[in-house]
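Enquirer: pasting the sequence and the predicted model now:
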Amino acid sequence: MDVVLLSRLQFAVATMFHFLFVPLTLGLSILVAIMESIYVKTDDEEYKRMAKFWGKIFLINFAVGIVTGITLEFQFGTNWARYSKYVGDIFGSLLAIEATVAFFLESTFIAIWVFGWNRVSPKLHAACIWIVAIAATTSAYWILVANSWMQHPVGYVIRGGRAELVDFVAVITQPFAIWTFLHVPFAGYIVAGFFVMGVSAYHILRKSNVSFFSKSFRIALIFALIFSIGEVIVGDFHGKVMGKTQPAKLAAVESLWETAKGVPFSMLLIPDEANERNSLEMFQIPKFMSWLVYEQWDAEIKGLKEWPKEDRPPVTLTFWSFRIMVGLGFLFALLTVIGWFKRNRLETSRWYLRVMMYAIPLPYLASELGWIVTEVGRQPWIVYNVMRTADAVSPIPGGHVAISLAAFVLLYSLLGLTAFALMVKTARKGPPELPTILEVRRGG
Amino acid sequence: MLETIWFLLWGLLWAIYFMLDGFDLGLGTLRPFIARNDTQNRIIYNVMGPVWDGNEVWLITAGGVTFAAFPTTYAVMFSTLYAPLLLILFGLIIRGVSFEFRGQIDSPGWRKIWDSCLFVGSFVPALLFGVAFANIFQGIPFDDKGVFHGTLFTLLNPYGILGGVLFVLLFLLHGSLWLAVKTEGPLYERAAALSSKLWVVLLVVAVIFLVDTWFVTPLYKNYLSRPLLFVIPLATVVALLITRLFIANEAWWNAWFASCLTILGATLFGIVGLYPNLYPSSLNPAFSLTAFNSSSSPLTLKIMLVVALIFVPIVILYQGWVYYLFKDKVTLEHLESDEAY
């Protein structure tokens, strides 16, 4: 069996599954921290209930995120040994720094938050969830710096048959990394905002805990509004940087086959990868694509045919993932802007609430599609223009990877279904009624 | 010099991981044999509750540091130990979620699923970490291309299994001592009684392991060439003996601390014996990966050293604070709280 393909599949399964949980952790930790801070400031018990209720969902999600995160660190060594050996000097140190400066904080302070309601002062308790939130986003920074180095390697030399670090500051401050670091956490904040709005909408529609969920909705709405609009702007800048640093990815993202100046943007486009052309290009805005990337109407953009076939990323998957992601990004901005005008009459805006309830999965989808664009669009390179994915795998039998891949699929499916069911159950149940809050016991 | 410092730090991180997560893995393995009803089960979960996650991060850091400081070792070690590492990983995954999932649905069948996961997810990693490290002490059959010439069963040789059993026993004793520290009533009494029994078995296995190590591994070479280093195994043996003394005096915190030192010492005994090898090949010593032929560039080692020297002490401080914050015994009253597992 083909060990490269199997290893790539396993990486995709492990990483995409992990990233079902990471975005909510990134955003919901901040939302819970905001709710608890309001409680500390106003002494209004409703916000404490709010922090506890959303915190409960957060913890189920967090648990799966934590345990599947270990896989990500292990699998570079288990399945991508040649890659690890070649770039460990740079890539490995970023992962190690992530664990040391961020992951410890996150995992230690979440415990104080969970078990410490009666052991530390309310202020310190709220500080704990802020530390978790900041650590989660810091964690994302280091991981994304590492990923950005694979997209656009800087600050290194090839010496002694491997990539060696020469400029650490260049690695951690390169524009590609900074834009990625804004783009990905923003996506997580949108996921969390839409999650809280969607669950709140469910309850408001059923007239259960209307005050509680209207307040939750409004906090999440402001949060999601800021980051949805921010994401449109950040995504544009990130796309421009990507276009300049990864021209083959840009060509795939736009399904542009021939190099041209003043490239138009087609609102409707269907790539025909087999015949190296597009089977449909409609509703064109002249020269708009050139302007989007270079802010010059006559700028030249390289087409896919500039590269030999073996150096091109898969076009259809990259193209559609990008298109749908961008479309969803605009939809999130639109939905939150509409929400802003309806924020004070949520109860009567039943169609809007219904839309928001069904919108919960969309930011998740956009996040996964974003990673497909990033990772599939980088192919056939594992480190752009430096190392090919096919040269990066471990020298292990394909059969072993086939077995472990099957095990991952089985285990993660069970885990995912369980976590999903538990989150739905907790979300549906709503917060405990006020008088009984002290008597509620968990488990048997 | 930098390489040697990182070699020692690398060993220390693994030692701290075993010292901290060791009692979680031990307790998870012990639970089915010591808890008689659901309340006692829950107490055992809550005894680990506030600390297990923070403990596990030491593994991530140990793995991350292997990657950062010795990338070639990381690559060859993790790919040649493919099967055992993935089994450890799957174990740790099901262990981790069982804490959060178990109390979510009020049904005995549901709880039984997660209880089993906690057991398997504690026992299998404990055993396989021991098997893996014992095999590293002996040397692993891999060639100059980093290709493993063996199977999972190659690793299950007598010395490998002995190492696994030793780790399981170290962790079982460590776990039962933590339980004695953190509980009262019948659970405390059973943990206390079990500790002295486990200690005897551990002593016997530890002696066999130390003797067998002489015959099947080159670990003692470093010690014979620098006899001063014998302080490490001697201190470890003393820590193990003192553990028994504290058990007899029912000084549980002290017994647990002594057990911490035993695990720390036992790991460092192996690591120092390995030096300068991180991952020796049993096929040809020339293929062995050492602190010098598998390390990162001096620049990376320096940056990582600065990061480690600043942040690891900070981590120890705030984790120490959490242990202090949750130092009292877990009682029935604690189980009443909304947050208890």
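Expert: Received, thanks. Numbers count the residues shown, from 1 in each chain, chains lettered A, B, ... in the order given.
Enquirer: and residue 62, what element?
Expert: I went with chain A, as the question did not name one. Secondary-structure assignment from DSSP states H and E places residue A:62 in helix A:45-79.
Enquirer: right idea, wrong chain: chain B
Expert: helix B:52-69.
Enquirer: run through the neighbouring helices and strands of that helix.
Expert: Counting contacts by 3 or more C-beta pairs under 8 Å, 6 or more residues apart in numbering or on different chains; DSSP states H and E, helix B:52-69 packs against helix A:45-79, helix A:81-98, helix A:104-115, helix B:2-34, helix B:71-80, helix B:82-101, helix B:298-325. The C-beta positions use only the backbone N, C-alpha and C, and glycine is treated the same way.
Enquirer: these: which one's closest to residue A:429?
Expert: Closest to residue A:429 of the helices and strands packed on helix B:52-69 is helix A:45-79 (C-beta to C-beta; 9.2 Å).
Enquirer: next, the angle from the closest one to helix B:71-80.
Expert: When axes from the mean of the first three to the mean of the last three C-alpha atoms, to 10 degrees is applied, the directions of helix A:45-79 and helix B:71-80 differ by 90 degrees.
Enquirer: any idea of the angle helix A:45-79 forms with helix A:81-98?
Expert: Angle of helix A:45-79 versus helix A:81-98, following the same axes, to 10 degrees, is 150 degrees.
Enquirer: and helix A:45-79, how far out from the chain's middle?
Expert: Here the centre of helix A:45-79 is set off from its chain's centre by 14 Å, with C-alpha atoms, centre = their mean, to the nearest Å.
Enquirer: do stretch A:287-298 as well
Expert: On C-alpha atoms, centre = their mean, the centre of stretch A:287-298 falls 28 Å from the chain's centre.
Enquirer: before we move on, the earlier item: need the mean per-residue confidence for the helix holding residue A:62.
Expert: The average pLDDT within helix A:45-79 is 94.
Enquirer: same deal with stretch B:121-140?
Expert: Mean per-residue pLDDT for stretch B:121-140: 96.
Enquirer: that one and chain A in contact?
Expert: No: taking C-beta under 8 Å from any C-beta of the partner chain as the criterion, stretch B:121-140 and chain A are apart, separated by no less than 9.5 Å.
Enquirer: ok, and what's touching stretch B:15-27?
Expert: Where contact means C-beta atoms under 8 Å, 6 or more residues apart in numbering or on different chains, the residues beyond stretch B:15-27 that reach it are B:44, B:47-48, B:51-52, B:54-56, B:58-59, B:61-62, B:122-123, B:125-126, B:129, B:167-168, B:170-179, B:256, B:260, B:263-264, B:267-268, B:271.
Enquirer: quick one: pLDDT of the single nearest residue of the stretch 201-350 of chain A relative to chain B?
Expert: Residue nearest to chain B within the stretch 201-350 of chain A (C-beta to the nearest C-beta): residue A:212, separated by 16.8 Å. You'll see residue A:212 listed with a pLDDT of 94.
Enquirer: show me what the host helix or strand of it is packed up against.
Expert: Assigned by DSSP H and E, residue A:212 belongs to helix A:210-245. Where contact means 3+ C-beta pairs under 8 Å, 6+ apart, helix A:210-245 is packed against helix A:22-42, helix A:45-79, helix A:175-205, helix A:247-254, helix A:288-294, helix A:315-342.
Enquirer: repeat the analysis, applying 6 Å as the threshold.
Expert: helix A:175-205, helix A:315-342 (3 or more C-beta pairs under 6 Å, 6 or more residues apart in numbering or on different chains; DSSP states H and E).
Enquirer: between those, which one is nearest to residue B:340?
Expert: Closest to residue B:340 of those is helix A:175-205 (C-beta to C-beta; 24.6 Å).
Enquirer: which strands and helices sit next to the closest one?
Expert: Here helix A:175-205 touches helix A:22-42, helix A:122-151, helix A:210-245, helix A:350-358, helix A:361-376, going by 3+ C-beta pairs under 6 Å, 6+ apart.
Enquirer: and residue A:398, which of those is closest to it?
Expert: Closest among the helices and strands packed on helix A:175-205, using C-beta to C-beta: helix A:361-376, at 21.2 Å.
Enquirer: who touches the following helix or strand past the closest one?
Expert: Sequence-wise, the next helix or strand downstream of helix A:361-376 (DSSP H and E) is strand A:381-383. Here strand A:381-383 makes contact (C-beta atoms under 6 Å, 6 or more residues apart in numbering or on different chains) with A:83, A:150, A:153, A:388-389, A:392.
Enquirer: sorry, back to before: look at the residue of the stretch 201-350 of chain A closest to chain B and say how many residues are nearby.
Expert: Using other C-beta atoms under 10 Å in any protein chain shown, the number of residues around residue A:212 comes to 20.
Enquirer: the nearest residue to residue A:248 once chain neighbours are set aside: how many residues sit nearby?
Expert: Of all residues beyond its chain neighbours, the one nearest residue A:248 is residue A:307 (5.4 Å), with distances taken as C-beta to C-beta, 6 or more residues apart in numbering or on different chains. With neighbours defined by other C-beta under 10 Å, the count for residue A:307 comes to 16.
Enquirer: how close does residue A:307 get to residue A:342?
Expert: Distance from residue A:307 to residue A:342, counting by C-beta to C-beta, to the nearest Å: 48 Å.
Enquirer: what residues does the stretch 201-341 of chain B have near chain A?
Expert: B:296-297, B:299-300, B:303-304, B:307, B:311, B:315, B:318-319, B:322, B:325, B:338-339 (C-beta under 6 Å from any C-beta of the partner chain).
Enquirer: low-confidence ranges, chain A, go.
Expert: Residue ranges of chain A with pLDDT under 70: A:1, A:434-444.
Enquirer: can we see that at 80?
Expert: A:1, A:433-444 (pLDDT under 80).
Enquirer: name the element residue A:281 belongs to?
Expert: Element membership for residue A:281, per DSSP H and E: strand A:277-285.
Enquirer: roughly how far is that strand from the heart of the chain?
Expert: 30 Å.
Enquirer: list the helices and strands it packs on?
Expert: strand A:265-272.
Enquirer: and the angle from the helix or strand that contains residue B:133 to helix A:45-79?
Expert: According to DSSP H and E, residue B:133 maps onto helix B:108-138. Helix B:108-138 runs at 40 degrees relative to helix A:45-79, counting by the same axes, to 10 degrees.
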